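**Student:** I would like to see how this sequence folds:
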Amino acid sequence: MRSVIRFLNAKNIKPVEILRQLVEIYGETAITDGMVRKWVRHFNDGCTNVHGKAQSGRPSVVNEGLVAKVNEKFVKTVGSQ
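**Tutor:** You can find the predicted model right below:
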């Protein structure tokens, strides 16, 4: 998800729109507005690492089905431009 935030931020997409797109694909419980803004600040400060520090916490919600949905949405979005 951080890679998606980094990608959309590099395209100058505002944090609120990044959140909207993430929620559309991953669901409302995937990430908070505050976390999106935190990562946007992180990337705007010049950091490129999307992995962050190793820590315990919520397990990943990413699976092959979600990756396929993101890829499908990306292809549709890029193809329509």
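**Student:** so residue 21 makes contact with residue 7?
**Tutor:** No. Applying C-beta atoms under 8 Å, one finds residue 21 not in contact with residue 7, separated by 10.5 Å. The C-beta positions use only the backbone N, C-alpha and C, and glycine is treated the same way.
**Student:** looking at those two, which is more packed in?
**Tutor:** Taking residue 21 and residue 7 together and counting by other C-beta atoms under 10 Å, residue 21 has the greater number of neighbours (17 against 14).
**Student:** roughly how far apart are the more buried one and residue 37?
**Tutor:** Between residue 21 and residue 37 the distance, using C-beta to C-beta, to the nearest Å, works out to 15 Å.
**Student:** equivalent analysis for residue 80, please.
**Tutor:** Applying C-beta to C-beta, the value for residue 80 to residue 37 is 28 Å.
**Student:** which positions within stretch 18-26 qualify as buried?
**Tutor:** 18-19, 21-22, 25-26 (16 or more other C-beta atoms under 10 Å).
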